[in-house]
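Chemist: quick one: sequence plus predicted model below, questions after.
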Amino acid sequence: MLPCSFYFYHTMHADYISNATFKGENFGATPLPGKEYENCTFIECSFANADLSRLIFSECVFEHCDLSLAKLKGATIRDIKFNHCKMLGLRFDECNTFLVSFGFENCTLNFSSFYQLKIRQTIFNRCKLESVDFTQADLTKGLFDDCDLLNATFDATTLSQADLRSAVNFSIDPEKNTVTKARFSSHNLSGLLHKYKLDIR
């Protein structure tokens, strides 16, 4: 019998699962049952240290999940929503980069990496992004709404038309990054001037 925390609505095969809801599962201890997930919802599940390599997630939602240090090598992450998730040290740069797309709300992504990823129009809403690596990433038209970017790395990063008006604690060198038409507010402009060690009050 299926555990009470697993519900399926339409399709479930050995490798392909769609329109299913998983709740309260520990996939760090027990591997996921399939290889491809479409339109699935994961609620209060633990993926901490889980091996998600080469798995496919499409149009899925993760709510109140812990994905810290999960292995993502070759994983497909397409049109995924992460809500209230703990996601420490994730190497998104090791995912399958083809059509990679996601959005984050109220998530903790500290020490994660988006190195060289082309993730235009990605939304980070009320997220902690401390020590996150955005080196050489394309964040064109991205939104950092009420996000903490303490010690986040921006180096050869494209931030054209990105919205950082409510972001805090960032340090972005306009000479090393593309910030054309990016949006900032008067209270966080100092984040563009750290290299000059100015006393701005």
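Modeler: Perfect, I can see it now. Residues are numbered from 1 along each chain as shown.
Chemist: next, Asp93: secondary structure please.
Modeler: Counting by DSSP: H, G, I helix; E, B strand; the rest coil, the backbone at Asp93 sits in helix.
Chemist: neighbours around it, how many?
Modeler: Residues near Asp93, counting by other C-beta atoms under 10 Å, number 19. For glycine as for every other residue, the C-beta is placed from the backbone atoms N, C-alpha and C.
Chemist: touching, Gly89 and Phe111? I think so.
Modeler: Yes: using C-beta atoms under 8 Å, Gly89 is in contact with Phe111, at 4.6 Å.
Chemist: partners of the residue nearest to the spatial centre of the chain in the sheet?
Modeler: Geometric centre of the chain, nearest residue: Phe104, 5.8 Å, by C-alpha atoms, centre = their mean. With DSSP bridges as the criterion, Phe104 is bridged to Phe82, Phe124.
Chemist: does it touch Val132 like I think?
Modeler: No: using C-beta under 8 Å, Phe104 is not in contact with Val132, being 10.9 Å away.
Chemist: give me the neighbour count for the residue nearest to Ser101 when sequence neighbours are not counted.
Modeler: Closest residue to Ser101 apart from its sequence neighbours, by C-beta to C-beta, 6 or more residues apart in numbering: Asp79 at 5.3 Å. By other C-beta under 10 Å, 15 other residues sit near Asp79.
Chemist: quick one: Asp79 from Ala137, how far?
Modeler: Distance, Asp79 to Ala137, by C-beta to C-beta, to the nearest Å: 19 Å.
Chemist: how about the contacts made by the closest residue to Leu109 other than its chain neighbours?
Modeler: Nearest residue to Leu109, sequence neighbours excluded (C-beta to C-beta, 6+ apart): Met87, at 4.9 Å. By C-beta atoms under 8 Å, 6 or more residues apart in numbering, the contact list for Met87 reads Leu67, Ser68, Phe104, Cys107, Thr108, Leu109, Ser112.
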